[in-house]
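[1] sequence first, predicted model second:
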Amino acid sequence: DAGITQSPRHKVTETGTPVTLRCHQTENHRYMYWYRQDPGHGLRLIHYSYGVKDTDKGEVSDGYSVSRSKTEDFLLTLESATSSQTSVYFCAINPAGGGDTQYFGPGTRLTVL
Amino acid sequence: GIQVEQSPPDLILQEGANSTLRCNFSDSVNNLQWFHQNPWGQLINLFYIPSGTKQNGRLSATTVATERYSLLYISSSQTTDSGVYFCASGGNYQLIWGAGTKLIIKP
């Protein structure tokens, strides 16, 4: 158990509202990731972090921002949610750093009406 | 960028059967992982296998990096093996995911 929790687990919001999803880990791992998963697709990387205040964009970063002020928390923010951001969002950590096994949180199902 | 293709997209088997899932990737990579997503949505890492062969119980995986493919073998399938199997490939930070193979094991 990599000790990863996500909150909230489910959220319904309206177009144009800001939304923040939280990923919390208990093991002080350096590398953390946010992905989205849409029907019929694998996961797509939104943003990742390689340390406190160190973040970078993934392949689908438009419309999302992230922050990491503490090792244990990685926040994903949708500044103004759109219906195209309806998805399941997964957080992941990488204990060994860089190129190695990733472990996933339980996911957050977000619906934007 | 890297492209990852998985086949077959769907597979329906009887309990006890063996199966082979394939993952092709378009470029040289130093990271190849296999994951299982169960019917409740949970993602479980099966193998980190940028090259070579690994085995874990009834599951094994082989990656031939020079030919840019990886295979996941499931022997003596059980109903609990049902779900979607993903391979993901890439570098140190970014993984590109295939669309998955949906496996249904019938009792």
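    Yep, that arrived. None of these values were measured; they are calculated from a predicted model.
[2] any idea how far chain A is from B:W97?
    3 Å (CB to the nearest CB, to the nearest Å). In short, each C-beta sits where N, CA and C put it, glycine included.
[3] which residues touch the nearest residue to that residue once chain neighbours are set aside?
    Residue nearest to B:W97 in three dimensions, not counting chain neighbours: A:G42, with 2.9 Å by CB to CB, 6 or more residues apart in numbering or on different chains. By CB atoms under 8 Å, 6 or more residues apart in numbering or on different chains, A:G42 lies in contact with B:4, B:86, B:88, B:97-100.
[4] which one of those residues is nearest A:Q25?
    The closest of those to A:Q25 turns out to be B:A88 (CB to CB; 19.8 Å).
[5] can you check the pLDDT for that closest one?
    For B:A88, the model assigns a pLDDT of 92.
[6] what packs against the host helix or strand of it?
    Assigned by DSSP states H and E, B:A88 falls within strand B:83-90. Applying 3 or more CB pairs under 8 Å, 6 or more residues apart in numbering or on different chains; DSSP states H and E, one finds that strand B:83-90 contacts strand B:4-7, strand B:19-25, strand B:31-37, strand B:69-74, strand B:95-97, strand B:101-106.
[7] again, 6 Å this time
    strand B:19-25, strand B:31-37, strand B:95-97 (3 or more CB pairs under 6 Å, 6 or more residues apart in numbering or on different chains; DSSP states H and E).
[8] please identify the most buried of these.
    Comparing those by mean neighbour count (mean count of other CB atoms under 10 Å in any protein chain shown), strand B:95-97 ranks first with a mean of 25.
[9] who does that strand touch, helix- and strand-wise?
    Against strand B:95-97 (3+ CB pairs under 6 Å, 6+ apart) you get strand B:83-90.
[10] mind checking how far the strand it packs on is from the chain centre?
    Its chain's average C-alpha position is 5 Å from that of strand B:83-90, according to CA atoms, centre = their mean, to the nearest Å.
[11] neighbouring strands of that strand in the sheet, and parallel or not?
    Its sheet considered, strand B:83-90 pairs with strand B:31-37 (antiparallel), strand B:95-97 (antiparallel), strand B:101-106 (antiparallel) by DSSP bridges.
[12] worst mean pLDDT among these?
    strand B:95-97 (a mean of 89).
[13] ok, A:L110 - contacts?
    Going by CB atoms under 6 Å, 6 or more residues apart in numbering or on different chains, A:L110 touches A:K11.
[14] so what pLDDT did it get?
    98.
[15] and it, bridged to which residues?
    Those that pair with A:L110 in a beta bridge, by DSSP bridges, are A:K11, A:S87.
[16] quick check: mean pLDDT across stretch A:31-42?
    Mean predicted confidence for stretch A:31-42 is 90.
[17] circling back: so which of the contacts of A:G42 is the most crowded?
    The most crowded member of these, judged by other CB atoms under 10 Å in any protein chain shown, is B:F86 (27 neighbours).
[18] check contacts around that one.
    Shown in contact with B:F86 (CB under 6 Å, 6+ apart): A:42, B:35, B:97-98, B:100.
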